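Peer 1: from the sequence below, what's the structure:
(chains A, B, C and D)
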Protein chains: 4
Amino acid sequence: MPANPSDPVRVLVWGENRHEQIEPHVAAIYPDGMHNTIAAGISENLGDRARVTTTTLDEPEHGLTDEVLNDLDVLVWWGHAAHGEVADDVVERVHRHVLSGLGLVVLHSGHWSKIFGKLMGTTCTLRWRSEQDRELVWTVDPTHPITEGVPNPIIIDAQEMYGETFDIPAPDELIFISSFTGGEVFRSGCTFRRGHGKIFFFSPGDQDYPVYHHADVRRVIANGVAWVKSDRPRTLPTLLRYETDDFFNGHGYTGPIESQEEQAHAPTN
Amino acid sequence: MPANPSDPVRVLVWGENRHEQIEPHVAAIYPDGMHNTIAAGISENLGDRARVTTTTLDEPEHGLTDEVLNDLDVLVWWGHAAHGEVADDVVERVHRHVLSGLGLVVLHSGHWSKIFGKLMGTTCTLRWRSEQDRELVWTVDPTHPITEGVPNPIIIDAQEMYGETFDIPAPDELIFISSFTGGEVFRSGCTFRRGHGKIFFFSPGDQDYPVYHHADVRRVIANGVAWVKSDRPRTLPTLLRYETDDFFNGHGYTGPIESQEEQAHAPTN
Amino acid sequence: MPANPSDPVRVLVWGENRHEQIEPHVAAIYPDGMHNTIAAGISENLGDRARVTTTTLDEPEHGLTDEVLNDLDVLVWWGHAAHGEVADDVVERVHRHVLSGLGLVVLHSGHWSKIFGKLMGTTCTLRWRSEQDRELVWTVDPTHPITEGVPNPIIIDAQEMYGETFDIPAPDELIFISSFTGGEVFRSGCTFRRGHGKIFFFSPGDQDYPVYHHADVRRVIANGVAWVKSDRPRTLPTLLRYETDDFFNGHGYTGPIESQEEQAHAPTN
Amino acid sequence: MPANPSDPVRVLVWGENRHEQIEPHVAAIYPDGMHNTIAAGISENLGDRARVTTTTLDEPEHGLTDEVLNDLDVLVWWGHAAHGEVADDVVERVHRHVLSGLGLVVLHSGHWSKIFGKLMGTTCTLRWRSEQDRELVWTVDPTHPITEGVPNPIIIDAQEMYGETFDIPAPDELIFISSFTGGEVFRSGCTFRRGHGKIFFFSPGDQDYPVYHHADVRRVIANGVAWVKSDRPRTLPTLLRYETDDFFNGHGYTGPIESQEEQAHAPTN
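Peer 2: Residues are numbered from 1 along each chain as shown, chains lettered A, B, ... in the order given. The predicted structure is shown next:
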C-alpha cells in the first residue's frame, strides 16, 4: 500500500513482445500484446490505486532508462525468447534500482531472465513441458496479502508445466505451490528481499495459453504489485565507516589500504 | 563429513596475498602469509580428515583452473585490497563450480569479493571501523555442527568492526552474531545454499589483527570446511524437458520457439 | 493497515499490573501503570487509526473473554512476575484466537509467558542481567514496515540485558538485533506466523526502566501493532476431507477408523 | 552421523499399534505391526550404524520413561487413532527431551500427535482423503542429507492424500513436496530445530497402504534418523543470570522481584 493512499502505485509492465510478432497463435491469444494484457489485469484490480504503463524490448534502452526507473514504484517483467538480447548495462541498471528499493514482479519465463538470475545468484533452472497440463495453484501462506481474494486452489485449465527442482535460493516466503496434470509440483509463488527491494516471482503465465486473461491470475499479480511497492526513499545500500560512538554519520569508503590516495573501485557485482 | 571417513576433505585456501607483501605490520603478524596461517588452522583441527593446500591471486588464473577446482571439495576465500583484480572469467568458473556442489567458505572482507556478490545478488555492504574493538562472537544456533567445540562467546581481543545493516539475503541459517566494543552488532556467521553448493560466511579475521592465530576462530573455520563439503557428484542444475509420465529422462533445451532450429543461448547469469 | 483505512485497528494492551502495585520505584516510573503507558504510546503514533484499550491480570478471566477477543484485531502482552497465575484455559482461548487470526505483540518479559511458550514450542529461555546496561537496537531488515521511522540504532540509555542464546524457533523475519554495554547481543525484534495469526516479539521494555516512555520504542510497538493486524475473517485452521475433484467443499472429520460412529476428539494442542 | 562412527545411533520406534489389532486389512499389510516394519526399514539402511528398538502405546508409560529416553538418540513417532490416549505427562517428558537434544522423526498422522502439536504451536491441520491416490514425492532441496539415495520423484502407487494448506510454522528447511492423483500438493518433508533438538516430519505412510515396505520411503526415514541425531550432550536450555564481564558462569533464576525469597516457578510451557 502506498504511504499516502491517494498516491497511486507507479507500475511499468515490461514485455519482450516477440512471440506476439512472430507466432500467429500467440497473437490470437494476446492481440494487444502480452504486456498490455498483463497491464490491464493490474488496472482492473487496483483501479485508481495504480498508474500502469508498458514498454518493450525493442524500445531504446529497452524502455528502461534511469529517468523511467526513477519514476516507478514497481517493475513487472515478462520475457522468454530473447533474454539474451537484453543489454547487460540495462540489467545492471535495473539491478541497482531493485537493490535501492524498486519493487519487482517476475512472471513465468522471467525465471530465466538476466535480472532474475543476477538477483538470485543461481541457475534458476527447472523441469518443464508444454502439453496443456492443468495447473492447480495451492496457497501455502493463507494470510499473506498476495493471496487475498483468490480461491484455494486457483484452477488454470491449460498451462506449460514447470517442475521441481527449481534452482533458486530458499525463498523468504513460500506463498504458492502448483501441481500439474502430469504430477509435477512447483514453488510457483515466492518472495525475496534483496537490498532495499522486494521481489515476487509468480510462475503461471505463458505465451501459448490465455493465462493472463484468468481473473485469479490477474488478481495475484495485482496483489504482488501492491506488496512489492516500497514506502521508503530509494537508496542503494552503501559501505560506510563510522567512528566510535558516532552511530549516525557514516564516511565514504576510501580504499582498502590506508596509505593509498585513490579510492579503490570494489566490485558492485 | 566425507561419505567415507577415510577420504580426506580436499581444501584449497585462496589468499589475495597483497597486504603481506606491501604492509610490514601485516607481514609481522602473518610471516607465512594469511593463506598459510588459515590453512594451518584447518589442518590443526581436521588433521588427517583434510588435505589442505593454498594458492594466491598472483598465480596464473589465480590458481583456480578447472583442473584445480575439479580436484577440490572446499574452497576457502580471503580477499580484501584487490577484489577488482580477480578476473571475471575466473569468477564465472568458481561460480559454476559452487552451483555444481563445490563448498565455499568466505572469510571476513570476502563479503565484498566478486564471487560472494555474484552468489548473493546484493551489494553485501555494511558499516565498519578499524579501531581495535573487542569482538564477541555469540552462538545463536547452539547445536549446529559449525559451533561445535567453541565457547559462547568467542572473545577476540582486537578486531576490525563490521556492523549492521549487512546487505545480504536473509541467510538460510544464522549461526553467530557478533558485538563490538563500540556497541555495533553483526551477523558474523551465516550459511547459504546456492545450487548444489553450500556456503559459509564467517566475518572474524583481518590483516591488521592476529585473528587467524586464535584457536576458536580456527576451529570455526575448520567446522565450516567440514560442513560445506558435499557428498554428491558435482553437477550443474540444468533446464530439462520431461514428457508426461516419464519422470526420469530429461531432454536438453532446444530453444524458446518451437520452429527455430538453432538452440537459443539463454543467459547463464 | 486495515482493509478499509477508515476502520481503526482494535487493540487491547494486556498488563500484568503487579510491579506497579508492589514496588514503589516501578510506580514512580509508571504512575499510570505500564499497560496505560504502552497504550498511550500506541495511540500517540496511530491516532485515529487505532482504538486502544487496556486490561489486567486481576480482571475476571484476566479481561480476556471470548467476547473481548472477538472484538479485537491485536492483543499486546506485557507480563513478568505472575506468568504462572494466568489461567490455563484463558491461555488456550488466546492461543485459539491467535491461530484464528488475532494479531499478537509480545513485549519484553512476555518471552516467558504461557501464551508465547505455547506458540513457540520451546523454552524461550535466555541470559539476562539487570544492571542498567545501555541497549542499542540495530535494524537488520531496513525496509520492513516495523522499522519505519526509527533511527538505526535506537539508543536506550538504561535497560535490562537479554542475551543469546535465546531459545526460540528461527524467526520468520529477524528485524532487530540489540547489543548491551556488557557486550551481549539479542534478537530483539522477531516476527512469526502461526496459524492465521501474526506475532511480533519486541524485547525492549522493563519495569525498572522508563523504556515505554521512549519515543522510538513506542513507534516500533505501534508499527508492530499495525503489522500483526489481519484483514481476513477470523477462522481456525481445520482438518477437512475433500473428495477427488471437489477442491472447495471440505467435510468434517469423523474419526480415524472408518467403522467408528463417534467422532474422535483429537488433541487441539 | 555419530561423532564416533563406531557408536551406533540409538533409535526407538514408537508405534500406536491399534489399527493392526482392530482392522484385519491393516494386520494383513503389517503382520509384524507397523512399528516393527518401520524399525526394519531403518535397520535395513543403517545396519550396524543403528541400534533400533520399538515400543507401543500400551506399554506402561507408553514405553517412554526417562530411563528409556535418556538411552536414546532418536525417537520415531507413528500414531493415528489414539493420539488422545497419550498421557499428558509423557508428552511433557518427551517434549523436554526433544528440547534437550533428543532427535525426533514424526511420521504421517503423527502431524496430529500431541507431541508434534506442542512443538509446533499450531493446529497442524490439513486437507485429506483416503482414495488410493498415487503420491509423487519431489525433492526440493537436492543436496540435503535426507534426500540422499532416493529418486526424484519417489513414486508411491497408493496413498492417503494429505493436502495444503498444512497449518505448521514455516519449516526451517523444506525438503520434499508431494503431489497426488487428485492434484493436491503437500509439504511432505520438513525439518525444524526446537531447543537443542532436531525434528524431521515426513508424511508418506499410512496404515491402509504398504508404504513402509517401500524401499525409498525406508531410505528417507533412515536418512532422517541419521540427520536428527545430535552429537552434543543432552541439556535443556535454561534461564541464567550473568554478571557483567563474566560470560561463562551463569546463575540460577531466583524470581522476578528482587525482594522475594522463594524462587518463582515460571511456566515451563
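Peer 1: mind checking if stretch A:25-43 is in reach of chain B?
Peer 2: No: contact of stretch A:25-43 with chain B (Cβ under 8 Å from any Cβ of the partner chain) is absent, the minimum separation being 9.6 Å. All C-beta spots, glycine's among them, are computed from the backbone N, C-alpha and C.
Peer 1: quick check: end-to-end length of that stretch?
Peer 2: 25 Å (Cα to Cα, to the nearest Å).
Peer 1: mind listing what's buried in it?
Peer 2: A:26, A:29-30, A:33-43 (16 or more other Cβ atoms under 10 Å in any protein chain shown).
Peer 1: and stretch A:123-140, by the same measure?
Peer 2: Along stretch A:123-140, these residues count as buried under the neighbour rule (16+ other Cβ under 10 Å): A:123-129, A:133, A:135-140.
Peer 1: next, count neighbours for the residue lying closest to A:Asp71 once chain neighbours are set aside.
Peer 2: Of all residues not flanking A:Asp71 in the chain, A:Arg10 sits nearest, at 6.3 Å (Cβ to Cβ, 6 or more residues apart in numbering or on different chains). Neighbour count for A:Arg10, taken as other Cβ atoms under 10 Å in any protein chain shown: 17.
Peer 1: go on, A:Thr147?
Peer 2: Residues near A:Thr147, counting by other Cβ under 10 Å: 23.
Peer 1: what does the one 4 residues further on give?
Peer 2: Residue crowding around A:Pro151 was assessed by other Cβ under 10 Å; the count is 13.
Peer 1: for it, grab phi and psi.
Peer 2: Backbone geometry at A:Pro151, expressed as degrees, to the nearest 10, gives phi -70, psi 160.
Peer 1: hang on, it packs against A:Ala215?
Peer 2: No: look at A:Pro151 against A:Ala215 with Cβ atoms under 8 Å: they stay out of range, at 10.2 Å.
Peer 1: strands of the stretch 51-200 of chain A, start to end?
Peer 2: Listed in chain order, the strands of the stretch 51-200 of chain A (DSSP state E, counting those that start in this stretch) span A:74-78, A:103-107, A:127-139, A:154-163, A:173-180, A:185-194, A:197-202.
Peer 1: and the gap between A:Thr147 and A:Val137?
Peer 2: A:Thr147 sits 10 Å away from A:Val137, taking Cβ to Cβ, to the nearest Å as the criterion.
Peer 1: okay, and the common contacts of the two?
Peer 2: A:Phe176, A:Val220 (Cβ atoms under 8 Å, 6 or more residues apart in numbering or on different chains).
Peer 1: before we move on, back to that, farthest-apart pair in the buried residues of stretch A:123-140, please.
Peer 2: Spatial extent of the buried residues of stretch A:123-140 (Cβ to Cβ) is set by the pair A:Thr123 and A:Thr139 at 27.3 Å.
Peer 1: which residues of the stretch 51-200 of chain A lie near chain C?
Peer 2: Contact residues, the stretch 51-200 of chain A versus chain C (Cβ under 8 Å from any Cβ): A:101, A:136, A:141-143, A:145, A:148, A:151-153, A:155, A:172-173, A:193, A:196-198.
Peer 1: make it 10 Å
Peer 2: A:101, A:136, A:138, A:141-145, A:147-148, A:151-155, A:172-173, A:193, A:195-198 (Cβ under 10 Å from any Cβ of the partner chain).
Peer 1: buried subset of those residues?
Peer 2: For these, a burial check counting by 16+ other Cβ under 10 Å picks out A:101, A:136, A:138, A:141-145, A:147-148, A:152-154, A:172-173, A:193, A:195-198.
Peer 1: which residues does the nearest residue to A:Gly197 once chain neighbours are set aside contact?
Peer 2: For A:Gly197, ignoring the flanking residues on the chain, the nearest one in space by Cβ to Cβ, 6+ apart is A:Val98 at 3.9 Å. The contact partners of A:Val98, taken as Cβ atoms under 10 Å, 6 or more residues apart in numbering or on different chains, are A:69, A:75, A:104, A:115, A:118-119, A:194-199, A:228, B:121-122.
Peer 1: looking at those, spot the one nearest chain C.
Peer 2: Closest approach to chain C among these (Cβ to the nearest Cβ): A:His196, at 5.1 Å.
Peer 1: so who does the residue lying closest to that closest one once chain neighbours are set aside touch?
Peer 2: Leaving aside its chain neighbours, A:His196 sits nearest to A:Gly101 (4.0 Å; criterion: Cβ to Cβ, 6+ apart). By Cβ under 10 Å, 6+ apart, the residues touching A:Gly101 are A:73, A:195-198, A:228-237, C:142-143.
Peer 1: return the subset of the residues you listed lying in helices.
Peer 2: A:Val228 (DSSP state H).
Peer 1: close to chain D: what parts of the stretch 151-269 of chain A are there?
Peer 2: Neighbours of chain D within the stretch 151-269 of chain A, by Cβ under 10 Å from any Cβ: A:152-153, A:155, A:163-168, A:170-174, A:176-188.
Peer 1: buried ones from these, can you make that a PyMOL selection?
Peer 2: To isolate the buried subset of those in PyMOL, counting by 16+ other Cβ under 10 Å, use the following:
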select buried, chain A and resi 152+153+163+164+165+166+167+168+170+171+172+173+174+176+177+178+179+180+181+182+183+184+185+186+187+188
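Peer 1: out of the residues of the stretch 151-269 of chain A next to chain D, which are close to chain B?
Peer 2: Intersecting those with the contacts of chain B gives A:163, A:165-168, A:170-172, A:180-184 (criterion: Cβ under 10 Å from any Cβ).
Peer 1: could you give the residue of the stretch 51-200 of chain A that lies closest to chain B?
Peer 2: For the stretch 51-200 of chain A, Cβ to the nearest Cβ, closest residue to chain B: A:Gly117, 2.9 Å.
Peer 1: tell me how many other residues crowd that residue.
Peer 2: Other residues near A:Gly117 number 23, with proximity taken as other Cβ under 10 Å.
Peer 1: surely it touches B:Gly195?
Peer 2: No: between A:Gly117 and B:Gly195 there is no contact under Cβ atoms under 10 Å: 11.5 Å.
Peer 1: between those two, which contacts overlap?
Peer 2: Common contact partners of A:Gly117 and B:Gly195 (Cβ under 10 Å, 6+ apart): A:Thr123, A:Cys124, A:Thr125, A:Ile168.
Peer 1: TSV for these, including pLDDT and distance to B:Val52?
Peer 2: Formatted as TSV, these follow (pLDDT from 0 to 100; distance: Cβ to Cβ, whole Å):
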residue	pLDDT	distance to B:Val52
A:Thr123	97	29
A:Cys124	97	34
A:Thr125	97	33
A:Ile168	98	32
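Peer 1: closest one of those to B:Ala81?
Peer 2: Scanning the shared contacts of A:Gly117 and B:Gly195 for proximity to B:Ala81, where the rule is Cβ to Cβ, the winner is A:Thr123, at 31.1 Å.
Peer 1: can you tell me the SS state at the residue nearest to A:Asp71?
Peer 2: Here A:Arg10 is recorded as strand under DSSP: H, G, I helix; E, B strand; the rest coil.
Peer 1: show me what contacts it?
Peer 2: By Cβ under 10 Å, 6+ apart, A:Arg10 lies in contact with A:Pro2, A:Ala50, A:Arg51, A:Val52, A:Thr53, A:Asp71, A:Leu72, A:Asp73, A:Val74, A:Leu75, A:Gly103, A:Lys229.
Peer 1: and A:Phe248, by the same measure?
Peer 2: Neighbours of A:Phe248 in contact, by Cβ under 10 Å, 6+ apart: A:Tyr242, C:Pro151, C:Asn152, C:Pro153, C:Ile155.
Peer 1: looking at the residues you listed, spot the one nearest C:Glu59.
Peer 2: Among the contacts of A:Phe248, C:Ile155 lies closest to C:Glu59 (Cβ to Cβ), at 35.6 Å.
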